[in-house]
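K.L.:
no FASTA, just this:
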C-alpha cells in the first residue's frame, strides 16, 4: 500500500508536538524521515508533507530511491546516509548523499573525501555497546581532527540509543552533547521514534524517525516500490 502524504503530514504534526512538549525548539531541530524498509513512495510522501531531510541505512535502498525520484522531488530532498560506511559503496552513494551520519573510522572518511571532497559528516559515537558500530568517546577528538585534515566538514556527532526503555538512552545522549560542545561541533543526531523526547531534553539537533511518520516497516526492500 502506498504511503499517503496526508497521513505523513498528520504524523509529522504529532512528531513536532512531541518535540515541542519535550521543550525542543522546532526551528532548531530537524526531523529526518527514515525511509528504511519502505518504497520510494515514502520519500515522495515526506517531500509532499514538507520534509526536506530523508535518511537511509542501506546503500542499495538509497541509490535505488534516488534514481527513482522525479527530478522535481529529488531537488527538494537532502539525503542522509545513516548506515555504517562501506568503502566499496561510497562511489554509488556520493551523487545522492548530503550528510554522512555514521562515520566512525579514518578509512571511511578517506574514501568519502576522495569521492566527494568537502563532504559533510557526523562521527558516530559508541556508548559502550560492543555489538554496535561507532567510535569510542575517548577517540572522537582524534578522529574529528583526522577527518578535518582530509578536508571533510565535521558537523557533529551521531549516536543510537541502547535497547530498552527510552530513559536508558539519557546518559549516552547527555555525554554526546557534552562532547560535541567541547569540540565546538553544532550538530548532534540523537533520538528516534521511541526515545526522541529524551534526545530533545538532552540537546539533539537532528531526530531520525521512521515508524512515527510511516507506521510499521514492511521489511527491507532492495528496490523501491
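P.N.:
Okay, I see it. All values derive from a computational prediction rather than experimental measurement. Residues are numbered from 1 along each chain as shown.

K.L.:
Now do the same for the closest residue to residue 168 other than its chain neighbours: helix, strand or coil?
P.N.:
Nearest-residue entry for residue 168: residue 162, 5.4 Å, with adjacent residues in sequence omitted and distances by CB to CB, 6 or more residues apart in numbering. In short, each C-beta sits where N, CA and C put it, glycine included. Each residue gets one of three states, and residue 162 gets coil by DSSP: H, G, I helix; E, B strand; the rest coil.

K.L.:
Could you check how far residue 162 is from residue 128?
P.N.:
Using CB to CB, to the nearest Å, one gets 9 Å for the distance from residue 162 to residue 128.

K.L.:
What is the neighbour count of the residue nearest to residue 168?
P.N.:
Counted by other CB atoms under 10 Å, the residues lying close to residue 162 total 15.

K.L.:
How much space separates it from residue 196?
P.N.:
If you go by CB to CB, the gap between residue 162 and residue 196 works out to 15 Å.

K.L.:
so which strand or helix has residue 84?
P.N.:
Secondary structure from DSSP states H and E places residue 84 outside every helix and strand.

K.L.:
what about it, how many neighbours?
P.N.:
Using other CB under 10 Å, residue 84 has 17 other residues around it.

K.L.:
And the pLDDT at it?
P.N.:
What the model reports as pLDDT for residue 84 is 93.

K.L.:
Just want the most central residue of this protein.
P.N.:
residue 82 (4.8 Å; CA atoms, centre = their mean).

K.L.:
who are the neighbours in contact with that residue?
P.N.:
For residue 82, the contacting residues are 34, 36, 55, 56, 57, 101, 102, 208, taking CB atoms under 8 Å, 6 or more residues apart in numbering as the criterion.

K.L.:
Please enumerate the helices of the protein.
P.N.:
Remark: helices of the chain, listed N- to C-terminal, are 5-21, 40-48, 59-68, 71-75, 90-93, 106-115, 140-149, 170-183, 196-201, 211-214; assignment by DSSP state H.

K.L.:
So what's the residue count around the closest residue in space to residue 11 that isn't next to it in sequence?
P.N.:
With sequence-adjacent residues excluded and distances taken as CB to CB, 6+ apart, residue 11 is closest to residue 213, at 4.8 Å. Other residues within reach of residue 213, judged by other CB under 10 Å, total 27.

K.L.:
ok, now residue 69?
P.N.:
Around residue 69 there are 20 other residues, counting by other CB under 10 Å.

K.L.:
cool, residue 107 as well?
P.N.:
By other CB under 10 Å, the burial measure for residue 107, its neighbour count, is 11.

K.L.:
Which residue is the nearest non-sequential neighbour of it?
P.N.:
Nearest residue to residue 107, sequence neighbours excluded (CB to CB, 6+ apart): residue 87, at 6.6 Å.

K.L.:
which other helices and strands contact the least confident helix or strand in the chain by mean pLDDT?
P.N.:
Every helix and strand of the chain was ranked by mean pLDDT, DSSP states H and E. The lowest is helix 71-75, at a mean of 93. Applying 3 or more CB pairs under 8 Å, 6 or more residues apart in numbering; DSSP states H and E, one finds that helix 71-75 contacts helix 40-48.
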